[in-house]
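Participant: Below: sequence and its predicted model.
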Amino acid sequence: MIHIENLTKSFVATTKKGFKKESTTVHAVNAISFDCKPGRIFSLLGPNGAGKTTTLRMIAGIINPSSGTAIVDGVDISKGNDEVKKRIGFLTGSTGLYERLNPDETIEFFGKLYKIPEAQLSERKEYLFEKLGINDFRKKRIGQMSTGMKQKVSIARTLIHDPEVLIFDEPTSGLDVITAESIIDLIRESKENNKTVIFSSHIMSEVDLLCDDLAIINKGAIIYNDTFENFKGEMKAANLTQEFINRVKQA
Amino acid sequence: MNDLFIIIKKELTELLRDKKTIINSIVLPTVLIPILIFGAMKVTEMIEKQQQEKTVKIGLVNAPAEFSALIATDTLNKVTTYEKVEDFKALIADETIQSAIVFPADWNSQMEQLSTGEVQIFRNGSKENVNKRVTKLIETYNTRLKEERIAILNIPTQKMTPFTENYVEVGEQKEVIGKRIGGFIPYLFILTMWGGCLLAAVDLVTGEKERKTIETTLSLPISKFKVLLGKAIVASLLGFIPALLNLIGLIVGLKLFDGIPDSFKSVISEMLNFQSITLILLLLIPFALFLSGFIIALVAGATSFKEAQSKASPIIMLIIIPLVMAMMPGIELNWTTVLIPVLNIGLGVKEIMAGTIDMVQYSVILISLIAFAIGAVYFSYKKFSDENAILK
């Protein structure tokens, strides 16, 4: 369960004009509120620069909010980032892998930091490697892998501690359809296991396939937040992509 | 604590799998000093041999027969005899000759009358080898003539020698050599250490940004401080190890190569004993952590290797200047200099090698370096925690 209330992130932008410096406060995310429930997939959609990544980073405890509350699996992020991080699996386009390690070493590294008992870590690793087809390249350095191979390892490291909350930002970006399908399967499986999932993608067919609840963010504010079923019921455009574009333009 | 070890192990594994790090932090520091010693010895030997084998072209005017005979003893001397004083400046410039010696026309009668004659020597001051050899010929001839005159005048030798000089060295040879070369040793260590720390710190912070792994690292369920401390420790290790290998290279190099005078070798071995090496290394540990923390703080906001290097590189002047000062005569370890980083190491190592280190001052250097290291790590933590800088 994720409960977000009036979450705000402001940055101070400094511009130099000759010898003078001017500071302006920019609200990357401005008092947003939403809930993500266990056993449901929540899609957070928005154009580039809308505040999606900042929101997800705040939920994951990577950056601190300027104000507002985020409660992740019962833990208030203001009370301790590390506790929140233990409960989250975070995968975005900017969470790359350590190129000089191999998948085995990578998963061991994450597993140990998540304090997973050795036997359990080994069992979970083997399960994920089998499920994602990593066994063939488990000893290969990540720097020498293809995009698809890397993404599979990223998914494995996101799921290794079996987190209650999963955040996937563009998880299938740049992947072939077969690899993308296996990742979609894993996201579905997480939902079936009653996990709370935030899924963000620009591929509307995937949103259509997975989404239960939906929020659209634009210029740091939530412009739509309801179930996906209601969203589809209210649609005026012919397809999801067009409806999304129209709503962003109208906001 | 366990989390910190996991971070250190992972960072070290990553760095030691990078060829660039292996070459710069392990291979080069190990072989650098032996290569320098061997290279310097061979080059000096070669130059000396070449100089000795070089022909010296000398022009002579009115030269007495004994002097001509003296020149002829060295077959490498090529003599051109002139009847009168020519334009020797031009002849030396166009390399017809390299030096000219002009005796007065009445030289023999002057010598017979035991008067003082004037010999003119035309030379180019920049031709060191030629001048050295010509001066030696003149001095030999002068000494010979003096001895002849003493014999003619029947003067006992001791009457011509009012006193002899006898210098008594009260400082130990170790102290003398230690203070002379002790300044160069930290120069070598610290620059190698700087290189190792810089490469590692840039790879561990800016490299993570370039490889898009910084967000992955920040999503780990451990505090930013532990992540930063792990990186600072690894960067300092990668600075300390090359310095240690430098030292090993120096000891091995001195033992391995012939041609170094035994007396010098034994003094160096005495200076680099277990106690002095331990004292030097103890200073280098907090200093490496200080450097790493400082560099991490500097490069925390950089987004590329190039930007990181351009931010950190000018700082090398802050290292070179105190090191050069430490080599200058008159700058000694005192209660002010013990608190100046880099300078205190430079002066401290000099005293350690000379065997004259004051242990109270040594302790102050060590404590001040630990304090600077803690300050630098805290400063880097502040920079590393700056979301705007680290996630740029």
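Facilitator: Arrived safely, thanks for sending.

Participant: And the residue lying closest to residue A:203 once chain neighbours are set aside, how close does it get to residue A:246?
Facilitator: Nearest non-adjacent residue to residue A:203, counting by CB to CB, 6 or more residues apart in numbering or on different chains: residue A:172, 6.6 Å away. No exception for glycine: its C-beta is placed from N, CA and C like everyone else's. As judged by CB to CB, to the nearest Å, residue A:172 and residue A:246 stand 25 Å apart.

Participant: try residue A:8
Facilitator: In terms of CB to CB, residue A:8 sits 27 Å off from residue A:246.

Participant: neighbour count winner among the two?
Facilitator: Set residue A:8 next to residue A:246 and count neighbours by other CB atoms under 10 Å in any protein chain shown: residue A:8 wins out with 16 against 13.

Participant: Following the chain past whichever strand or helix holds that one, name the next helix or strand.
Facilitator: When elements are assigned from DSSP states H and E, residue A:8 belongs to strand A:2-17. Going down the chain from strand A:2-17, the next helix or strand is strand A:20-36, by DSSP H and E.

Participant: count of residues packed around the nearest residue to residue A:237 once chain neighbours are set aside?
Facilitator: Leaving aside its chain neighbours, residue A:237 sits nearest to residue A:243 (4.1 Å; criterion: CB to CB, 6+ apart). Applying other CB under 10 Å, we find 19 residues neighbouring residue A:243.

Participant: So which bits of the strand holding residue A:8 are buried?
Facilitator: Going by neighbour count (16 or more other CB atoms under 10 Å in any protein chain shown), the buried part of strand A:2-17 is A:2, A:4, A:7-9.

Participant: Give the pairing partners of that strand; include direction for each.
Facilitator: Next to strand A:2-17 in the sheet, as set by DSSP bridges, lie strand A:20-36 (antiparallel), strand A:67-72 (antiparallel).

Participant: Check whichever residue of the stretch 251-392 of chain B sits closest to chain A and give its pLDDT.
Facilitator: Taking CB to the nearest CB, chain A has its nearest neighbour within the stretch 251-392 of chain B at residue B:387, 4.8 Å off. For residue B:387, the pLDDT comes out at 83.

Participant: What parts of the stretch 1-150 of chain A come near chain B?
Facilitator: A:11, A:57, A:60-64, A:82-83, A:85-86, A:88, A:90, A:92, A:94-101, A:105, A:109-110, A:112-114, A:141 (CB under 8 Å from any CB of the partner chain).

Participant: that older thread, which one of the strands paired with strand A:2-17 lies closest to residue B:253?
Facilitator: Relative to residue B:253, the nearest member of the strands paired with strand A:2-17 by CB to CB is strand A:20-36, separated by 53.5 Å.

Participant: show me what contacts the closest residue to chain B within the stretch 151-251 of chain A?
Facilitator: Per CB to the nearest CB, residue A:157 is where the stretch 151-251 of chain A lies closest to chain B, at 8.1 Å. Applying CB atoms under 8 Å, 6 or more residues apart in numbering or on different chains to residue A:157 gives the contacts A:97, A:106-107, A:110.

Participant: Could you export those as CSV, including secondary structure?
Facilitator: Shown next, in CSV, are the contacts of residue A:157 (DSSP: H, G, I helix; E, B strand; the rest coil):
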residue, secondary structure
A:97, coil
A:106, helix
A:107, helix
A:110, helix
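
Participant: Tell me which residue in the stretch 51-200 of chain A sits closest to chain B.
Facilitator: residue A:96 (3.6 Å).

Participant: My reading is that that residue lies in a helix. Confirm?
Facilitator: No - counting by three-state DSSP, residue A:96 falls outside a helix, being coil.

Participant: residues from chain B in reach of chain A?
Facilitator: So far as CB under 8 Å from any CB goes, chain B lies against chain A at B:3, B:6, B:10, B:13-14, B:17-18, B:211-213, B:215-216, B:218-223, B:387-388, B:391.

Participant: Does residue B:58 belong to a helix, a strand or coil?
Facilitator: Following three-state DSSP, residue B:58 is assigned to strand.

Participant: neighbours around it, how many?
Facilitator: Neighbour tally, residue B:58, other CB under 10 Å: 22.

Participant: and the residue nearest to residue A:203, how many residues sit next to it?
Facilitator: Residue A:172 has 20 neighbours, counted by other CB under 10 Å.

Participant: In what element of secondary structure is it found?
Facilitator: For residue A:172, there is no enclosing helix or strand under DSSP H and E.

Participant: where does it fall, phi/psi-wise?
Facilitator: The phi and psi values for residue A:172, taken as degrees, to the nearest 10, are phi -110, psi 10.

Participant: Ok, residue A:134 next?
Facilitator: Residue torsions, per degrees, to the nearest 10, at residue A:134 are phi -90, psi -20.

Participant: hang on, the earlier thing: and the residues of chain B next to chain A, which are buried?
Facilitator: The neighbour-count test (16+ other CB under 10 Å) marks B:3, B:6, B:10, B:14, B:18, B:211, B:213, B:215-216, B:218-222, B:391 as buried among those.

Participant: how about the strands in the chain?
Facilitator: As the question left the chain open, I've gone with chain A. A:2-17, A:20-36, A:41-45, A:67-72, A:75-76, A:88-91, A:165-169, A:196-200, A:213-218, A:221-227 (DSSP state E).

Participant: that answer is for a different chain, and I need it for chain B
Facilitator: For chain B, applying DSSP E gives strands covering B:56-61, B:77-82, B:99-102, B:120-123.

Participant: Enumerate the positions of stretch A:109-120 that are buried.
Facilitator: Applying 16+ other CB under 10 Å to stretch A:109-120 flags A:109-114, A:116 as buried.

Participant: Quick check: of these, which lies closest to residue B:94?
Facilitator: residue A:109 (74.3 Å).
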